[in-house]
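# quick one, fold the following:
(4 chains)
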4 protein chains.
Amino acid sequence: MRSFELKNRTQVDEIKKLRLITAIKTPYLPDGRFDLEAYDSLVNIQIVNGVEGVIVGGTTGEGQLMSWDEHIMLIGHTVNCFGDAIKVIGNTGSNSTREAIHATEQGFAVGMHAALHINPYYGKTSHEGLMLHFRSVLSMGPTIIYNVPGRTGQDIPPSVIKKLAESPNFAGVKECVGNDRVNEYTDNGMVVWSGNDDQCHDARWNYGARGVISVTSNLVPGLMHNLIFDGKDEALNKMLLPLMDWLFCEPNPIALNTALAQLGVIRPIFRLPYAHLPTEKRMQFCNIVRNIGRKNFIGNSDVQVLDDEDFILLGRY
Amino acid sequence: MRSFELKNRTQVDEIKKLRLITAIKTPYLPDGRFDLEAYDSLVNIQIVNGVEGVIVGGTTGEGQLMSWDEHIMLIGHTVNCFGDAIKVIGNTGSNSTREAIHATEQGFAVGMHAALHINPYYGKTSHEGLMLHFRSVLSMGPTIIYNVPGRTGQDIPPSVIKKLAESPNFAGVKECVGNDRVNEYTDNGMVVWSGNDDQCHDARWNYGARGVISVTSNLVPGLMHNLIFDGKDEALNKMLLPLMDWLFCEPNPIALNTALAQLGVIRPIFRLPYAHLPTEKRMQFCNIVRNIGRKNFIGNSDVQVLDDEDFILLGRY
Amino acid sequence: MRSFELKNRTQVDEIKKLRLITAIKTPYLPDGRFDLEAYDSLVNIQIVNGVEGVIVGGTTGEGQLMSWDEHIMLIGHTVNCFGDAIKVIGNTGSNSTREAIHATEQGFAVGMHAALHINPYYGKTSHEGLMLHFRSVLSMGPTIIYNVPGRTGQDIPPSVIKKLAESPNFAGVKECVGNDRVNEYTDNGMVVWSGNDDQCHDARWNYGARGVISVTSNLVPGLMHNLIFDGKDEALNKMLLPLMDWLFCEPNPIALNTALAQLGVIRPIFRLPYAHLPTEKRMQFCNIVRNIGRKNFIGNSDVQVLDDEDFILLGRY
Amino acid sequence: MRSFELKNRTQVDEIKKLRLITAIKTPYLPDGRFDLEAYDSLVNIQIVNGVEGVIVGGTTGEGQLMSWDEHIMLIGHTVNCFGDAIKVIGNTGSNSTREAIHATEQGFAVGMHAALHINPYYGKTSHEGLMLHFRSVLSMGPTIIYNVPGRTGQDIPPSVIKKLAESPNFAGVKECVGNDRVNEYTDNGMVVWSGNDDQCHDARWNYGARGVISVTSNLVPGLMHNLIFDGKDEALNKMLLPLMDWLFCEPNPIALNTALAQLGVIRPIFRLPYAHLPTEKRMQFCNIVRNIGRKNFIGNSDVQVLDDEDFILLGRY
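This next block holds a predicted model:
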């Protein structure tokens, strides 16, 4: 019996097949630590609704607000509790190559099935630097590359992606630039997940995307499953668009966090610099829930507007 | 389905039943990082030989030389790869209550079955402080308390242990003070593991100890299994004593590390302040292996004396 | 004698007066640790040439590639060695409010004169979140706010800056959006430093900027001093523009790092994801040095093209 | 001007001359962070009373309960605020050679005048390992070696000390084994500081010790100054012995922390595993203060017994 057998390493092909992946929210306790009980419940709802993978500690899960030891712990925890039922994709990317290497080694060591890697945001680098950065982690296991210039300040151009795609560990791209870019990749046989919920229906059914890495599926995993698995459905897509627009009225995950608290599935606790949406926006969400139907959203209690005083915003934790 | 069911929390009774637990060695790569492939092989040999539990990052495993993120990663890795076949007991103790709390939370979150806790070495504290320290972690899951005054500079007195034993998570004591102390506890129905290999046969068969948390079993897991499972065997115990004496000729794990390198199952790499034994001691080990029989030791290659130059001692890593 | 007297807290007015501040480069040893001897030499050259302040661990100094303990150590070191001769401004900003709070507390505790704070890049947040983020650190001491949407993915709008400016600790803005924005602030009596070397001459002499936080001054501190202190000088500005353009041909500090190595004042060592410029660009730099005059650049040895093999790129350190 | 001149490195001879060094207490805020204002006040009182050096983050200062970044910050802070008036000796020792190397480099980088180094407690090692451990840090700057087998579980034998003494950076030994051991070293011309307050008078005046590294001087710096500077004084020594005995009735710094709170100079906040002394002991302290004279103790308010509820014990911070 050899090490890699024991570890049950995931094949890259298993990652390529995933159609619906949720960038899962990380809920908090009043002192700012992870609320693992609420987290486990959120992940379990995803599994029950047919979601095939979760991104742990993505931007939605606020990996940028975690210490690395918290982050790796959460990956290990998710593998330990749910690794048999859902693919665990750790966001072990960083703008520091050192940190990306260290976190990715640790993430695979604790059993994650794949890594999500971002280009070096804020610091940025040359195309040569991008190649060196990604290559230093690609050897470790199945990898999804994430392109979101609106956050990173730098587009990963197709020329770089195409070179990275030669690696046997390259699973595909999470692409936020738009469906023309999606198409450019799928025409070349590459696996692409849309990173924009409002474009994912068209990406999947018109532009060859494999599926979506979704924020919206945190709230309505069943409807997102329909949207991605059940064939073209303009009516469903149209019904979901107001929710998607609302979710991105401020930088994600501000609206998502607010919505989950309003649905009663997480405590209304924010790690700064995130803060809850104002009352008016929260009332809009109640209307959206009514229009789409409460039963399509996760949780069992009535959706609430909540008061501003209900929210706890933490700087130290 | 609720969180604690998903987590498959280990019952404290399952920990209490364990008879043979190995304080497993952590092997290193030339740059000082963990050699996970060699580690996996060592753990696997333990399983194959019937060892029931491993202490991850104990003093033998050099937890004192790990950063906490390395330490938690190794616990999570061990759970992920071997948690179905062997109990994983994380040494998440510390002389800092803050660190013990944080590490123990993280260790249970990544799936360890039990925690090993030491009293605050070096800093030391009052009996009142001991109680507060241990109580701050006992609520988290099954716990073994470790008493080794030769390392900590402070004995945990029976009065403290007896109060801790009232906790439902208290699994038992790893006791190094001697078999009279063992007896004092077992007479009261407490579970005790001997922390001294050279006393463990008597502890088990004459003083009511449940078993041993062993260093020697890293080298001869099959013989230690015989010693602990197969009834009183003075001859076997006598045969093993020269090996046990040799293993503790310098502070553990100096000799163990040297022996594993001589047996060819780990790279001859030390994290300082540990350094290999001198040639003469290494030659003694070769004789011991010959006397006990190579086949009773782990690994397949001939035992070697090695040259001083073969050893790499790392200060920075 | 009271604590705040002992600490000799810098008055915000002393920060507001600074005209020439260098975003100082952090040089490395072959194992990736800081080369403090080279660093001390670089800072000393800045002082000798009349530079009034340094940003420690800015994006130029690669704070994004430092662990926080390295970062705070470098701030404390700079204060300890040079705090009497130059203002030490620590880049203790972060996209995590927790980290910004912790680092800023520590930076002021080890004696930095002011903090530089960025808006939460990559993660981004709402305007409400921006206010909460900055307010959680503004109380600690003199603060410069840094706006560079090309890196952060999000502009700090004047409406937010104007509210922050009400704080007594607000020293001013490092602004990269352009001179119209500079003008908007200076018309309101706010202190602004240009964050774009190629616009700083005009910013200073036509748009009321106090001065510049400069990358170029790492190389030609004397000429930058002339540009900022000696009155409008279109000829000098024009002479420097090819150097400035070259310095930003790739994301900073790629070209700066390459140039300093070519000038022989630092070892040719990069922390990834940064990598040296290709030969052609290095040859261009030699020409630029020739045109502007070797004596105007720091260092004493001849400028060299260097070979690709001379450069060391480090992922692990 | 070269780096080492800028850094004003302390000569080892300046360290050797120090007679009265205080192992300074670290006070806390209610959330467990350092109370720097109270700390600055404590250090200032030491300076005013003629104390020549402070150990920052020693066992008395609870370095064992600090994260390394807190620890280095406190060293840098002390240098920055008081480095001109008192020698700052950072306890950058560790049972992990890696940590000792890293912390010592950082401590000297932020300006500490000397390092205090302990042998690897708890983990322990061979004499060969001791030599390798200490030699890996001795090259960095003036160093005091600290021997306290009651905490470390292992005596540093004279044979090891004598070899270390050949290093030009070796300043001397803080010795807790007793005055015979002190004498053995001073007979050989070595500098020794007594680590036992109750033996320091005799060590200084009968056994050739240079002075003391004191806990008691936190409370009565003036009297300790008299004891060490003003010649043999059996009466003073006898007067102080009840205080010294009381201070070590439980592992230090339990009693010291309690006393400082009773004197009103720090908040009554403990980081676990330390907890305040019980009421009876606190009443004893009031009597001791009365007997020695309130004016000889630091602080201005009346000594108080305090209630148990006044004390805050922190596990998470």
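# which parts of chain A are strands?
A:20-23, A:53-56, A:87-91, A:114-118, A:143-147, A:170-175, A:192-194, A:211-214, A:269-271, A:312-314 (DSSP state E).
# mean pLDDT, mean neighbour count and distance to chain B for those strands - can I get that in JSON lines?
(C-beta placed from N, C-alpha, C; glycine too.) Formatted as JSON lines, the strands of chain A follow (pLDDT from 0 to 100; neighbours: other Cβ atoms under 10 Å in any protein chain shown; distance: least, Cβ to the nearest Cβ, whole Å):
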{"stretch": "strand A:20-23", "mean pLDDT": "98", "mean neighbour count": "28", "distance to chain B": "17"}
{"stretch": "strand A:53-56", "mean pLDDT": "98", "mean neighbour count": "27", "distance to chain B": "13"}
{"stretch": "strand A:87-91", "mean pLDDT": "98", "mean neighbour count": "28", "distance to chain B": "11"}
{"stretch": "strand A:114-118", "mean pLDDT": "98", "mean neighbour count": "26", "distance to chain B": "15"}
{"stretch": "strand A:143-147", "mean pLDDT": "98", "mean neighbour count": "25", "distance to chain B": "19"}
{"stretch": "strand A:170-175", "mean pLDDT": "98", "mean neighbour count": "26", "distance to chain B": "20"}
{"stretch": "strand A:192-194", "mean pLDDT": "98", "mean neighbour count": "27", "distance to chain B": "26"}
{"stretch": "strand A:211-214", "mean pLDDT": "98", "mean neighbour count": "27", "distance to chain B": "23"}
{"stretch": "strand A:269-271", "mean pLDDT": "98", "mean neighbour count": "22", "distance to chain B": "17"}
{"stretch": "strand A:312-314", "mean pLDDT": "98", "mean neighbour count": "17", "distance to chain B": "17"}
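# any weak-confidence spans in the stretch 151-300 of chain A?
Within the stretch 151-300 of chain A, no stretch has pLDDT under 70.
# ranges for the helices of it?
A:158-164, A:179-186, A:197-206, A:221-229, A:234-247, A:254-262, A:279-292 (DSSP state H, counting those that start in this stretch).
# please save the CA atoms from the fourth one in CSV.
Right, the one you point to is helix A:221-229. C-alpha atoms of helix A:221-229 as CSV (Å, rounded to 0.1, in the frame of the first residue of the first chain):
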residue,chain,number,x,y,z
PRO,A,221,-29.4,25.5,-4.5
GLY,A,222,-32.4,23.6,-6.0
LEU,A,223,-33.3,26.3,-8.5
MET,A,224,-29.6,26.6,-9.5
HIS,A,225,-29.5,22.9,-10.0
ASN,A,226,-32.5,23.1,-12.3
LEU,A,227,-30.9,26.0,-14.2
ILE,A,228,-27.7,24.0,-14.8
PHE,A,229,-28.9,20.4,-15.1
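# remind me what that helix packs against, helices and strands.
strand A:20-23, helix A:197-206, strand A:211-214, helix A:234-247 (3 or more Cβ pairs under 8 Å, 6 or more residues apart in numbering or on different chains; DSSP states H and E).
# okay if I get the ones you listed as CSV plus distance to chain C?
Listed next are the helices and strands packed on helix A:221-229 as CSV, based on distance: least, Cβ to the nearest Cβ, whole Å:
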stretch, distance to chain C
strand A:20-23, 13
helix A:197-206, 17
strand A:211-214, 17
helix A:234-247, 13
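# picking up where we left off before, buried deepest among the helices of the stretch 151-300 of chain A, which one?
Counting by mean count of other Cβ atoms under 10 Å in any protein chain shown, helix A:254-262 has the highest mean neighbour count of the helices of the stretch 151-300 of chain A, with a mean of 25.
# any chance of the helices and strands packed on helix A:221-229 in TSV, plus distance to B:Q11?
Formatted as TSV, the helices and strands packed on helix A:221-229 follow (distance: least, Cβ to Cβ, whole Å):
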stretch	distance to B:Q11
strand A:20-23	33
helix A:197-206	43
strand A:211-214	38
helix A:234-247	43
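# right, and these - which one's nearest C:Y122?
C:Y122 lies closest, by Cβ to Cβ, to one member of these: strand A:20-23, at 14.4 Å.
# contact partners of that closest one?
Residues outside strand A:20-23 that contact it (Cβ atoms under 8 Å, 6 or more residues apart in numbering or on different chains) are A:46, A:50-55, A:58-61, A:87, A:89, A:193, A:211-215, A:217-218, A:221, A:224-225, A:228-229.
# again with stretch A:156-168
Contact with stretch A:156-168 is made by A:12, A:119, A:127, A:130-131, A:134-135, A:138-139, A:143, A:145, A:147, A:149, A:170, A:173, A:181, A:184-185, A:188, A:190, as judged by Cβ under 8 Å, 6+ apart.
# could you rerun that using 7 Å?
Identification of contacts with stretch A:156-168 by Cβ atoms under 7 Å, 6 or more residues apart in numbering or on different chains yields A:12, A:119, A:127, A:130-131, A:134, A:138, A:145, A:147, A:170, A:173, A:184-185, A:190.
# also stretch A:269-278?
So stretch A:269-278 is contacted by A:28, A:30, A:32, A:62, A:65, A:250, A:253-255, A:257-258, A:268, A:311-315, A:317, C:97, C:120, C:125-126, C:128-129, C:132-133, C:136 (Cβ under 7 Å, 6+ apart).
# write the PyMOL selection for whichever of those residues are buried.
Selection command for PyMOL covering only the buried members of those, criterion 16 or more other Cβ atoms under 10 Å in any protein chain shown:
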select buried, (chain A and resi 28+32+62+65+250+253+254+255+257+258+268+311+312+313+314+315) or (chain C and resi 97+120+125+126+128+129+132+133+136)
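# distance of A:R294 from A:M239?
Distance, A:R294 to A:M239, using Cβ to Cβ, to the nearest Å: 14 Å.
# one more: A:H201?
Taken as Cβ to Cβ, the span from A:H201 to A:M239 is 11 Å.
# kindly state the pLDDT recorded for A:R9?
At A:R9, the model reports a pLDDT of 80.
# so who does it touch?
Contacts of A:R9 (Cβ under 7 Å, 6+ apart): A:G141.
# for it, give its distance to chain B.
11 Å (Cβ to the nearest Cβ, to the nearest Å).
# show me what contacts A:P30?
A:P30 neighbours (Cβ under 7 Å, 6+ apart): A:R267, A:I269, A:I312.
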